[in-house]
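Student: I'll drop the sequence and a predicted model, then ask my questions.
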Amino acid sequence: MYQSLIKSIFLICTLISINLVGVAQEPKLSTIAANGWADNSVNTVIFRKNSLVSFKDSQYAAYYDHEQNVVLAKRKIGSARWTVVTTPYKGDATDAHKSISIMVDGDGFLHMAWGQHNNNLNYAKSTSAGSLTLGKKEVMRSTKENKVSYPEFYKLANGDLLFFYRDGGSGNGNLMINRYSLKTKKWARVQDGMIDGEGQRNAYWQVAVDQAGTIHLSWVWRESPDVASNHDLCYAKSTDGGISWLKSTNEKYKLPITAANAEYAIRIPQKSELINQTSMFADANGKVFIAGYWRGANETGPQYHLVFKTDNNWKVSNLNFRKTTFSLSGTGTKRIPISRPQIIVWPNGTHYAAGLLFRDAERGYKASIALNNNLGSGNWEIKDLTKTSLGDWEPTYDTELWKTKKMLSLFMQNVTQIDGEGKADQAPTQVQVLDWKPKK
């Protein structure tokens, strides 16, 4: 009975697909499946690193289906045909923190972590290069792997992987970093509590690895589980795979990094509607761009901002296009009228162009992009990539494909998030990928 319902939904959805609007080159949409879990935003939370990832000519995707199974998919880059495999693993999809993160190492093996929110590590990798078949669950280092949250994979220039996660809870957790070696096929601990909340706070971070292999890290501090206690924006970088860390001035940090010795890109007080876990991008020259939203001192409501360093100073660009206000407070996964933003940047002659991806109730909950052809100017043009609502979706994209081909590949799904970690009663929805390339 239920399977026939799913088939009916699939047929309807293939006929009524998300309508697209042309921006630069025409967006191209492909459908992976019609049975994506949609009772909360677990498949579309912004801290998924990654929901989509490319290696050579193949692209991989991961999501929870309507029965909370972990599903993997693969296609040739640009193709509309996906191979879909339901893995033997399940996750508690009712907790929107417990997203799935994937990455492909330099030998072509897929690595996956899933179902993490202050619990034991769930990690597995493929049995062979290019395969969607996963091996048994493994430990990485066995120690400090029983209170894991926010698993994120990043690939270094030599094909090794980094694994970032939080050890501990909201308000008192510490940043951990492991490294996977292609040579040894083993994980080693690189950092143990590198950013130390000293039992009083924790860092909510975002990471970008540039083409030279430099790791860029920015974060906000949170003093308690209440999101309203987020404050300030800090920065660090590493040129040796995460062993030692520098400020933007190349001054070496004495580890661990604490609230006292951190570099502050911008000071933002508590209760400023400052959101955590947004995004950053670093270009081939190591220039860093950090996206977020908060309410500035002279602003009536939260606005998207872009933070970047020019010469010796950190600068802030206020996109300043939002009209409505809201208050950000409370615990659990919040239902918020705007998504956290993703930022992409690319050369445009002697300037940089930028695209900030977001979803906003003001624009009907569509997938939207703010474009600026001359970054540093205030000339942001807002376009919608879809005509129809994506509910409480947040943008995640294939960072490796953008890095190598400047092709934006967005994970798309219409989902519903009930405030404070609630669970909706929504039928499964399509899991899709939107491909778009900016006009040069």
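Tutor: Thanks, I have it. Just so you know, these numbers come straight off a predicted model, no measurement behind them.
Student: any low-confidence regions in the stretch 1-150 of the chain?
Tutor: 1-25 (pLDDT under 70).
Student: redo that, cut-off 50
Tutor: 1-17, 22 (pLDDT under 50).
Student: now the helices for it?
Tutor: For the stretch 1-150 of the chain, the helices defined by DSSP state H, counting those that start in this stretch cover 2-15.
Student: confirm that residue 163 lies within a strand, as I assumed.
Tutor: Yes: Residue 163: assigned to a strand according to DSSP: H, G, I helix; E, B strand; the rest coil.
Student: next, the contact list for the closest residue to it other than its chain neighbours, please.
Tutor: Leaving aside its sequence neighbours, residue 163 sits nearest to residue 178 (Cβ to Cβ, 6 or more residues apart in numbering; 4.3 Å). The C-beta positions use only the backbone N, C-alpha and C, and glycine is treated the same way. Neighbouring residues of residue 178 by Cβ atoms under 8 Å, 6 or more residues apart in numbering: 140-141, 162-163, 187-190.
Student: let's see if you can find the most crowded of those residues.
Tutor: residue 163 (26 neighbours; other Cβ atoms under 10 Å).
Student: just list whatever residues bridge to that residue.
Tutor: residue 153, residue 178 (DSSP bridges).
Student: now do it against residue 152, distance only.
Tutor: 7 Å (Cβ to Cβ, to the nearest Å).
Student: circling back to that earlier point, tell me which two in the contacts of residue 178 are the farthest apart.
Tutor: By the measure Cβ to Cβ, 141 and 162 form the most distant pair in the contacts of residue 178, at 13.4 Å.
Student: residue 315 contacts residue 309, correct?
Tutor: Yes: if you go by Cβ atoms under 8 Å, residue 315 and residue 309 touch, sitting 7.1 Å apart.
Student: intersection of neighbour lists for those two?
Tutor: By Cβ under 8 Å, 6+ apart, no residue touches both residue 315 and residue 309.
Student: of the two, which one has the most company?
Tutor: Between residue 315 and residue 309, counted using other Cβ under 10 Å, the more crowded position is residue 309 (16 against 13).
Student: bridged to that one, which residues?
Tutor: Listed beta-bridge partners, residue 309: residue 314 (assigned using DSSP bridges).
Student: give the contact list for it.
Tutor: 248, 265, 287-288, 315.
Student: restricted to buried residues, select those residues in PyMOL.
Tutor: Buried members of the contacts of residue 309, identified by 16 or more other Cβ atoms under 10 Å, are gathered into one PyMOL selection as follows:
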select buried, resi 248+265+287+288
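Student: hmm, back to that, take the contacts of residue 178 and keep only those in strands.
Tutor: 162-163, 187-190 (DSSP state E).
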